[in-house]
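[1] Quick one, fold the following:
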Amino acid sequence: MKKLIIVTVCLMVGLCAANAWAEGQATKEECVIKSNEAAAIITAQGLDAAIKAISDPRGPFVWKDSYVFLMDLEGKMLAHPFQPELTQQEHVLLLTDPTDKAMFVHFVNLARNVGHGWVEYMWPKPGKTTPSKKLTYIYRVPNQDLFVGAGLYVGGMIY
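    Predicted coordinates:
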């Protein structure tokens, strides 16, 4: 009986820990939803309102271990909650990840040619400098030369 209680307690602790870990990670579904919500703000309230909301690191487009960013089809970063310095560049098309993947070029091409989809690359988690594998959803704002993106880190949350 004592072993059964110990095993049960260990299982419960393990399940609670696993659930807490999972709650800290963004899901693909959340990335799609948040991207659509950001696009809706652009359509309903205008670009300036969207830039303000998306740029806010404590705003509605930052959740768990993810966030939304906003770019135009020329490769200009218009809003980023954790790396606002990217918005000061003429474009970000020449930036690559540690594997030399020009992820922003992939984002622009996907938004321009397909309208939405996923891109895998390496990018630091918020508050970190070491790149992690990331999968980002790109969604073109209907009838505009803009797109939003939101991603999830493959294999874990922020540590």
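
[2] After the lowest-mean-pLDDT helix or strand in the chain, heading C-terminal, what element do we hit next?
    One helix or strand of the chain scores below all others by mean pLDDT, DSSP states H and E: helix 2-23, with a mean of 40. Downstream of helix 2-23, the next assigned helix or strand under DSSP states H and E is helix 28-45.

[3] Now do the helices in this protein.
    Along the chain, counting by DSSP state H, helices occupy 2-23, 28-45, 47-55, 103-113.

[4] Measure how far the last one is from the centre of its chain, please.
    Relative to its parent chain, helix 103-113 has a centroid offset of 15 Å by C-alpha atoms, centre = their mean, to the nearest Å.

[5] what bits of this protein have low per-residue confidence?
    Along the chain, segments meeting pLDDT under 70 span 1-23, 156-159.

[6] how many other residues sit next to Ile33?
    13 (other C-beta atoms under 10 Å). Quick note: C-beta positions are derived from backbone N, CA and C, even for glycine.

[7] oh sorry, the question was meant for Tyr67
    Tyr67 - counted by other C-beta under 10 Å - has 25 other residues nearby.

[8] I'd assumed Leu152 was in contact with it.
    No. Using C-beta atoms under 8 Å, Tyr67 makes no contact with Leu152, being 10.7 Å away.

[9] so what's the nearest residue to Met77 once chain neighbours are set aside up against?
    Nearest in space to Met77, with sequence neighbours left out and distances taken as C-beta to C-beta, 6 or more residues apart in numbering, is Leu86 at 4.1 Å. Leu86 makes contact with Met77, His80, Val92 under the criterion C-beta atoms under 8 Å, 6 or more residues apart in numbering.

[10] ok, the residue nearest to the last one when sequence neighbours are not counted - how many residues close by?
    Put plainly, it is Val92. Excluding the flanking residues, the one nearest Val92 by C-beta to C-beta, 6+ apart is Phe104, at 4.6 Å. By the criterion of other C-beta under 10 Å, Phe104 has 23 neighbours.

[11] Assess the claim that Phe104 and His80 are in contact.
    No. If you go by C-beta under 8 Å, Phe104 and His80 don't touch, sitting 11.4 Å apart.
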